[in-house]
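Engineer: Take this sequence and fold it.
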Amino acid sequence: MNQPAHNLAARARESRSLLLLLRLLFVILASGWLLYLLSGHRMVEAAYNGSSFDFLNRMIEDQHISSLQHYIDKADQLFLLLNVHLIIVSTLGLLLLTRHDVLLGNRITMVILSFVVIVVTLTLKPMARGDAPGYFLVTESFFNHLAPDLRPEDIESIAQLESKFDFPLLNRNVQHDYYFKANDGKLYSIHFWGYSLLNLPAKILLRLSGLNEARTFQITNGLLLLLSLWHVVLLAALTERQKQLFILLLFCSPMLWFVYWPHTEVFSFAFVVMSLVYVSRHNWHGAILCAAIAAVQNPPLILMAGFVWLLGMIHAKSKRKGLLSLSLAALPAFAPYAFSLIKYGVFSLYATKSAGTDILSVPKAFDLFFDLNIGMLPYVPVALLLAWWVWLRDGLLQRRFTLAMQLFVLLMAMMIVCTGSRLWNHGTTGPSRYVIWMLPLVFYVVINDVARVRAVRSVYVSLVWLAILSQLGLVMLGGGFRSSANHTRHTYVAKFVLDHAPALYNPNYEVFDDRTAHRISMVTRSDSLGFFVHDHRTPVVYRRSGECRKAMVRGRDKEALLGLCGSIPVSKQSFFDDEANRDKTIYVNY
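Structural biologist: As a prediction, this is how the structure comes out:
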């Protein structure tokens with residue numbers, strides 16, 4: 001049989017297998033929905049009344065606090081998410097069946113993922129995470145009076161939204177936490193208003209349709225995610241296999257946990273992806289514009305806009321015309337600084353209040369790669385190792401300044417800028433929020449190398465698939481689309497190391513403090529100092545089964561540590577005996 005005939009036969013077999021898989025998936029989903037519709041709510045009611053199976057009865061123990069309807073709603077959400085996750089896993093199986101017709105597999109995959117994201121964002125119960133109150137209020141301001149300043153009617157209308165849609169949002173002093181008075185006497189949020197303005201169309205449509213306006217941000221996030229993934233499939237100058245691996249690495253990542261966060265991570269993630277797509281096409285204007293838009297809400301990304309601007313200038317035929325047009329494309333990145341200068345007379349209100357160059361740190365930057373709590377390593381382990389293999393090969397072995405190496409330098413520069421934040425262990429689901437919009441750069445390095453490693457391509461591609469499957473498993477274990485915040489507890493990987501070899505893990509003190517003591521070590525803003533301050537209350541002791549394994553202490557904490565742990569290792573005695581170390585902080589391992 002000649003090669004074309006062989007390919008046609010292979011594609012025919014794939015089509016039959018694909019059709020069989022889709023039919024099987026449909027039967028499973030239809031059967032599950034039918035069973036749930038007939039008996040699902042009755043099973044929940046029986047468990048609520050204590051008359052179901054013992055293991056189901058034990059799942060509902062707060063009848064005196066929560067109503068039956070509360071548990072029915074939770075069951076509906078859980079059943080929906082189980083179906084969604086089944087569809088996602090089945091999609092991977094579908095792709096494995098379309099090895100010869102990758103183009104068809106990619107299009108079908110995107111149709112399925114689009115359906116999944118739209119259904120989830122339209123039905124998933126919204127939750128207020130992170131800085132949600134601030135972002136919601138600014139959108140409300142735009143809706144009420146087409147301006148970002150806070151007015152009394154904005155607080156009133158948000159309170160009505162809370163009551164109408166059972167969406168607790170204003171559980172803090174929002175005005176004190178997020179707003180500062182400008183030179184014109186008006187109150188503006190410390191966060192730039194670009195992302196909140198982008199959510200205005202979704203809010204208007206939800207208001208007109210009478211649907212839950214608290215879903216505004218998750219719908220916008222979902223649409224931005226899909227826009228970026230469709231960019232990869234339709235526009236990226238990559239092979240179909242590279243596109244397939246790229247969209248799966250992107251989708252099966254911790255980014256998925258942030259789709260329902262009313263936060264800017266998915267926003268910047270999506271525009272970074274689109275910028276990389278235009279980089280692959282050498283469309284420098286599009287790449288700069290997307291990077292600049294991403295930087296509007298996450299300032300370190302202005303370095304990416306500058307990086308792409310340099311690439312564009314290098315490739316420009318006319319340097320004079322290129323300088324003008326490429327610089328115009330980068331203008332959105334400077335909008336927050338122009339606004340801050342006009343309203344407050346400072347280059348960046350956010351940097352003035354909650355960041356500083358005095359705490360920039362290269363070791364902290366590497367935490368975003370390797371820290372067992374806030375870094376990439378616990379969440380995208382295989383992809384990160386593949387990226388580092390590419391960087392070490394190109395940088396050390398071949399000594400070539402390839403695009404991969406350029407992206408490494410860019411990543412390191414952005415990470416160092418991020419370390420200037422005075423809140424290092426911020427609220428998050430999974431890794432540091434900074435990591436989310438850096439991941440596309442890591443994944444691009446990984447898939448860009450698929451076309452280069454001819455000698456070991458099959459092994460390399462298999463490792464990329466391993467990365468995808470491992471990430472999918474970790475994302476599902478973390479809750480999939482519905483995950484919980486984990487910034488006040490250690491990850492399972494960190495716990496394992498702290499339990500068995502505590503000397504191997506010495507995180508930033510703030511990370512250890514917050515996650516060991518299950519608290520946020522940040523005091524409310526100090527207007528006298530002009531920025532947020534921290535108060536690390538030592539000693540902080542990590543225990544396993546009641547026994548001390550690791551302690552964060554100051555020199556003055558000797559007696560307190562003895563009281564908590566009963567002893568001090570001989571190697572640390574001299575530290576406590578030296579009065580000069582009274583206010584210095586160290587780790588003590590047991």
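
Engineer: Break down the stretch 401-550 of the chain into its helices, ranges please.
Structural biologist: Secondary structure of the stretch 401-550 of the chain (DSSP state H, counting those that start in this stretch): helices at 403-418, 433-448, 457-477, 492-500, 509-517.

Engineer: Please produce a markdown table containing these, extended by mean pLDDT.
Structural biologist: Formatted as a markdown table, those follow (pLDDT from 0 to 100):
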| stretch | mean pLDDT |
| --- | --- |
| helix 403-418 | 97 |
| helix 433-448 | 97 |
| helix 457-477 | 89 |
| helix 492-500 | 96 |
| helix 509-517 | 94 |
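
Engineer: Indicate which one of these is closest to residue 263.
Structural biologist: Proximity to residue 263, assessed across the helices of the stretch 401-550 of the chain by Cβ to Cβ, is greatest for helix 433-448 (7.3 Å). From N, CA and C alone the C-beta is placed, and that goes for glycine too.

Engineer: name the helices or strands packed onto the closest one?
Structural biologist: Applying 3 or more Cβ pairs under 8 Å, 6 or more residues apart in numbering; DSSP states H and E, one finds that helix 433-448 contacts helix 240-251, helix 265-280, helix 362-370, helix 381-392, helix 403-418, helix 457-477.

Engineer: what would those helices look like in a markdown table with distance to residue 580 and mean neighbour count?
Structural biologist: Shown next, in a markdown table, are the helices and strands packed on helix 433-448 (distance: least, Cβ to Cβ, whole Å; neighbours: other Cβ atoms under 10 Å):
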| stretch | distance to residue 580 | mean neighbour count |
| --- | --- | --- |
| helix 240-251 | 50 | 23 |
| helix 265-280 | 43 | 26 |
| helix 362-370 | 23 | 17 |
| helix 381-392 | 39 | 19 |
| helix 403-418 | 30 | 19 |
| helix 457-477 | 45 | 17 |
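
Engineer: which stretch among the ones you listed comes nearest residue 352?
Structural biologist: Closest to residue 352 of the helices and strands packed on helix 433-448, according to Cβ to Cβ: helix 403-418, at 15.3 Å.

Engineer: In a markdown table: the helices and strands packed on helix 433-448, plus distance to residue 351.
Structural biologist: Conversion of the helices and strands packed on helix 433-448 to a markdown table gives the following (distance: least, Cβ to Cβ, whole Å):
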| stretch | distance to residue 351 |
| --- | --- |
| helix 240-251 | 30 |
| helix 265-280 | 17 |
| helix 362-370 | 17 |
| helix 381-392 | 29 |
| helix 403-418 | 10 |
| helix 457-477 | 33 |
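
Engineer: wait, which of the ones you listed is closest to residue 355?
Structural biologist: Of all the helices and strands packed on helix 433-448, it is helix 403-418 that lies closest to residue 355, at 8.9 Å by Cβ to Cβ.

Engineer: Run through the residues that contact the closest residue to residue 432 other than its chain neighbours.
Structural biologist: Distances taken as Cβ to Cβ, 6 or more residues apart in numbering place residue 374 nearest to residue 432, at 4.1 Å, with adjacent residues excluded. Going by Cβ atoms under 8 Å, 6 or more residues apart in numbering, residue 374 touches 367-368, 424-425, 428, 431-432, 435, 507, 511.
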